[in-house]
Every structure is written in structure tokens, then in C-alpha cells.
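Asker: sequence first, then the predicted structure, then my questions.
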Amino acid sequence: MDKKLEVLSRYFGYTQFRGAQEELIDAVLSGRDVLGVMPTGGGKSLCYQIPALLLPGITLVISPLISLMQDQVLALKSVGVPAAYLNSSLSLEQQSLVLRNLRQGRYKILYAAPERLLGEGFLAMAREVPISLVAVDEAHCISQWGQDFRPSYLKIPEFLQALPQRPVVSAYTATATPTVRRDIQKCLNLQNPLVKVTGFDRPNLRFEVRTPDSKRGTLLTLLALRKDKSGIVYCSTRKEVDSVCSFLLDKHFAAARYHAGLPDELRRKNQEDFLYDRKTVMVATNAFGMGIDKSNVSYVIHYNMPQSMESYYQEAGRAGRDGEPAECILLFGKRDIVTAKFLIEKSYEESELPEEDRALLKQQDMKRLWAMVDYCQTPGCLRQYILSYFGQYNTPKCGNCGNCAPPKKEKPPALLGTPGTLGTKDITKEAQMVLSCVRRIATALGHNSTVTMTVRVLRGSKDKRLLENKLDGLSTYGLMNAYSREELREIIAQLVEQGYLDCGNGEILEPTPASAEILFRGRAVTVTMEETALRERFPQSGTVIADSKLLADLKALRKCLAEEEKVPAFVIFSNATLEDMAKKHPKTMDEFLTVSGIGRVKAQRYGTAFLKELEKHRP
């Protein structure tokens, strides 16, 4: 097997490369500089992590944010790659230990911020240890024509010149116009680079712009329909973040907030609550998100219009990193233009740049702002607009954006609709969740559950008796919290009527033998009711989803392991990996290794536990 494919499989659990990954990796391994422009979630990190494990010496990754470094290093360690970071979150003693380990050759990958490069201690270390590759992440930050220009990135060429031997230099970004791409090559002095623009398109993302009369009312409806999902709500100012988050908390949403004005400890706690799925909604300014490698973000809602397409696409791209269908919804209002103009003006008030440079950059920012406004008002395909902005051709209509395929008017989930034409509705997934919950409560209590208790568990009630019996620890707890009590009772009534549940004395629930056909053999459950009766709350993704009971149990096991190891759940396995695992249902360790996203280290660490759980679900 090709060495790079062996590394890909052994550490990261994939059997083939995507897009231009292999070309970029081959160029780096041959000693050639590269510039890769790849969408968020497109696998940029593998383009330097694979070479890092094949080249001698170490790979230095220059990264702009502490959170990005920490997440990347955590993920690498979880698959057995020796990696570390150097930043201000470490004590002086911890930084000394990292430098000492580097000199002893204990790491293959080191992450560091550009501000650290020319520090005396860091530069001395860099001159001593063999650096084979320097990878510049978020490379658009080096360009004054980009939306996130950071002067500290201009130190990179000086750092490279100070090394005894110039390493291969690779640069990666997700958002760069042709002008910014040329500027990256020039500023970094890339030598005969291979430039690959793999495309900005994220087919799994659905883009939509709304102009609501009430942003708060629209936001409530959107979140109520996605209460079981994890998502980000972006606001343009700190004040708006605080206000929106307080509003959502008053409405009993599991929300947290993040902006630069919060104390460091509170920011850290809120970020961890979101990463560890203790909070499902993060309300934030654009200070949050870059480098947050949370794979299960299924929607990003912009409460205010961003100042540029670059910022919007970067922030929206934090949804769907696991490749699953995700939504990017922008709530546009005329006041957003006024706010954006104010923020642009304010950003230059204390700038130390010469007046001529300030005027030029402000002009560029205003040009980007009007392109963003045009996006919000275009009647054409939103995906086409985005791709054209970044210099990429696409078909005139994508068929999967708010303009090509307008959404039906949304309202909170309701089982019973207005009187009208009768229709047939598939409620198989809802039936699986209810039946699974009934079985789990019976196991936990030692006797069958009541209708009332089942509804309370599914809705995530804080009922005293429920908590005393520790039913809030069940994997089905809160699983159907977007449904009303009446809706759940109606679903239960349908299951009783169709013979999948017995209801003794009108209240005690007991699964019948026929329920196993739904839970374990995929029998469909349908009901006939008003045509608008039951809103689909769990849409099918592009992959085959296993039955919800098995998937819920795999997620519960993942959560347990993550809590034991004190890491976010997605560090153990992504949702996409669990879904592939449930689909393939491996019986042996060799079969377990065929699941997408599982390498040998993770198989050795978690394989036994997950195979035992899978065994419980065999017919």
C-alpha cells in the first residue's frame, strides 16, 4: 500500500483521499511549496498532517487562534499522533516542557501563533530542531485585501529567513478571492507553488435569506424546529449577543453566549458547554468559531448581516463539517446595513496605519459590504452568487437554496393540522423513539411505564419523581422535546391502536411482540390523518440512517466515554462515523476498521466497547 494511504487509514480511518488532497500531499512530499484553497470541512488539515507523519523532523503549523490549536492537538492525540501547541494558555513551566520535548524529538507536529515566531526562546528552538514543513493555516490573514488581515502574519517570511534551512512552505485557506490568492503567494514568497483551488462549493449546506418582520419571532420558530440539533446564532455586536441569549434563556432554550467582552473564564466555560453538548445553541459574535472543530453543528443562523461575503461564508461554513445536510439562514434587515457601516468606520478609528492605507482598506471594506447586501437582495440562486464571488463557475440554479427552492412556511411542530384532505404520513422514526423510551423506562424502573411518565421522559421534564428515579440519564431523555404533550400522546395512541403497544387500565404501557418489527427490522409505521398532520422532525440525510434506537445507544456510549476522558463527544467519533457504524453493524475488529473515520488507534481504544453495544442489537 502507498505510504500516505497507509497513514491515512492507520491514523484517520479513511481509505481514499478527497478532491485535491492527494495532489497537495504529493507536492509537499516532493519538496514543493503549495497553496490550497479548500472549503471548510474539505480536509485541509490532512494536507499537512499526512506529510508531517512521513517527513523527517517536525511540522510547524502557524495557526491564528488558541481554540483552533487546542482542538487540533486534542484530535491528533486521540488517534495517536504526537502533537503539541505553544500559546498563552500554557504556563511558563508548561511552555518550557513543550520546548524541551521538541528538542528531544517527542513531537511530530507543533502548533504556534504567528506572534510567537520571532520570540527569542522560540526562534532559538526553531534553529535547533529540524523543521521539514511549515504549514500556514487561515493563510488569507496575511493579505491586506482579505477580510481578516492580521499584521502578525507578516512576521512569517522573516521567521523563515532566520532558519538555517528553508523548509517546504504550505498555505491553506477556505475563503480567498483571486486577488487574495495572489497576495498570499507574494507575501509568503512561495517558490513555484502548486496552487489548487478545489472549489468553494459545500453541497451539503442549504443557504437561505429571510427578511422577517420580527427577527425574534422568526428565530424562536427556527430554533423550536431544531431543538434537538446543535447550532450557532451569530450577532453583529456584543450587546445584541447578550440580548438575544437572555431572550432565548427566558424561552427555556439551552443557550450560551460568546464575545470578546466576557471574562476569559466565562468564555472558556461557555465554549466548553457548547463543545460538550451541554448547551445546544451558541449565540456569538464572529469572535467565536474559527478553529472550533465541532463536527455536529447542523445550522448557522445569522441574526444580523455580516460585513462581507468572506466573513459570511467562513461563519456559515461552520455548519455541516461532518458532511451531513446543514442549514445556513441569514435574517436580513435594513438596519443591518447601518450597523455594518458603523462597525467598519469604528474599526479604523484607532488604526496606526497611514491615512492613505486606511482610506484604501476602508474603500475595500465598503465594496465587500455592498456585495454582501446584494447577496441578501438577489432573486437569483444564492449558491451561484457565493461561488461567482469567489471566482468559481456554477450552474445558474442549484435547486437547494432559499431562492431556487423556497421553504414552506415554518411553524412549531404540530401533529394535528387544520381540517382538510386526508393523507398518509410515515411516523416510523417517531414510533421507534417512543417504543425505545418505553422499553428503557421499564428496564430502569423494573416495571412498565405510564403514558404520562413516557411523555415526560421524551420531553425532558424536570419532574421530581422522574429525577429521583434517574430517568434523566436515559438516552431517550429529551429526545422528542420539540413535540407537545398532546402530539406525543397522539403518537402513543396510534401505536396502541395499531397493536404495537398495550395500554393496561388506560395508562400502563407495554410493548407487544410486534414492536420488535419496528425497532429491529425496520417495519414502517404510517397513519392516516389531515394532510398537514405531522411535521417531519428528523429529516433523512444523504446517508442510510440506522434505526434510531441503535443510533441513540451508540451516542449514549460515546457520551459516556467522552465524559470519562473529559473530551467532547465528537473527538471519540463523529456523528457520521456512528451512522456508518450502525449501517455496517460490524461484528469483528476487522469489520470495525472498515467504518469510515476509525483508524487503528481508535479501534484499539474503543472497539471492544462499541462491538459489545452493537452485539446487543442483533436480532
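Answerer: Nice, I can see it. Residues are numbered from 1 along each chain as shown.
Asker: which ones are touching the residue lying closest to residue 586 once chain neighbours are set aside?
Answerer: Spatial nearest neighbour of residue 586, chain neighbours left out: residue 592 (4.4 Å); criterion: Cβ to Cβ, 6 or more residues apart in numbering. C-beta: built from backbone N, CA, C; applies to glycine. Counting by Cβ atoms under 8 Å, 6 or more residues apart in numbering, residue 592 touches 581, 586, 598, 603, 607, 610-611.
Asker: tell me the buried residues in stretch 463-475?
Answerer: Across stretch 463-475, burial judged by 16 or more other Cβ atoms under 10 Å covers 466, 469, 471, 474-475.
Asker: pull the CA atoms of the helix or strand hosting residue 256 into CSV?
Answerer: Assessed by DSSP states H and E, residue 256 sits inside strand 255-258. Only the C-alpha atoms of strand 255-258 are listed here, as CSV (Å, rounded to 0.1, in the frame of the first residue of the first chain):
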residue,chain,number,x,y,z
ALA,A,255,-28.2,28.7,25.1
ALA,A,256,-24.8,30.1,25.9
ARG,A,257,-23.0,33.3,24.7
TYR,A,258,-19.6,34.2,23.5
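Asker: in a helix, that's where residue 59 is, yeah?
Answerer: No - the assignment for residue 59 is strand, going by DSSP: H, G, I helix; E, B strand; the rest coil, so no helix is present there.
Asker: thinking it is in contact with residue 47, fair?
Answerer: No - look at residue 59 against residue 47 with Cβ atoms under 8 Å: they stay out of range, at 11.1 Å.
Asker: and the residue most central in space within the chain, backbone torsions?
Answerer: Central residue of the chain (Cα atoms, centre = their mean): residue 295, 3.3 Å from the mean position. Dihedral angles of residue 295 (phi, psi; degrees, to the nearest 10) stand at phi -80, psi -20.
Asker: is it true that it touches residue 574?
Answerer: Yes - in terms of Cβ under 8 Å, residue 295 counts as a neighbour of residue 574; the distance is 4.6 Å.
Asker: mind listing the shared neighbours of these two?
Answerer: Common neighbours of residue 295 and residue 574 (Cβ under 8 Å, 6+ apart) are residue 322.
Asker: name the single longest helix found in this protein.
Answerer: helix 355-377 (DSSP state H).
Asker: so what does that one touch, helix or strand wise?
Answerer: Judged by 3 or more Cβ pairs under 8 Å, 6 or more residues apart in numbering; DSSP states H and E, the packing partners of helix 355-377 are helix 309-316, helix 334-347, helix 382-389.
Asker: among these, which is the most enclosed?
Answerer: helix 309-316 (a mean of 24; mean count of other Cβ atoms under 10 Å).
Asker: can you pull out the helices in the stretch 401-550 of the chain?
Answerer: 428-445, 451-459, 464-468, 485-497, 515-521, 548-565 (DSSP state H, counting those that start in this stretch).
Asker: which of those helices sits closest to residue 255?
Answerer: helix 451-459 (18.3 Å; Cβ to Cβ).
Asker: so where's the stretch 51-200 of the chain uncertain?
Answerer: Scanning the stretch 51-200 of the chain for pLDDT under 70 picks out 144-147, 199.
Asker: can you give me the helices in it?
Answerer: Under DSSP H, counting those that start in this stretch, the stretch 51-200 of the chain gives helices at 66-78, 92-103, 120-128, 155-162, 178-188.
Asker: what residues does the second one touch?
Answerer: Identification of contacts with helix 92-103 by Cβ under 8 Å, 6+ apart yields 58, 84-86, 90, 107, 110, 121-122, 125, 128-129.
Asker: which one of these has the most neighbours?
Answerer: Counting neighbours by other Cβ atoms under 10 Å, residue 110 leads these with 27 neighbours.
Asker: surely that residue meets residue 59?
Answerer: Yes - Residue 110 lies in contact with residue 59 (Cβ under 8 Å); the separation is 7.3 Å.
Asker: which one of the helices of the stretch 51-200 of the chain lies nearest to residue 21?
Answerer: So among the helices of the stretch 51-200 of the chain, helix 66-78 is nearest, using Cβ to Cβ, at 16.6 Å.
Asker: mind giving me the packing neighbours of the closest one?
Answerer: strand 83-86, strand 109-112, helix 569-572.
Asker: any buried residues in whatever helix or strand comes next after the last one, and which?
Answerer: The helix or strand immediately downstream of helix 569-572 is helix 575-584, counting by DSSP H and E. Neighbour counts using 16+ other Cβ under 10 Å place 575-582, 584 of helix 575-584 among the buried residues.
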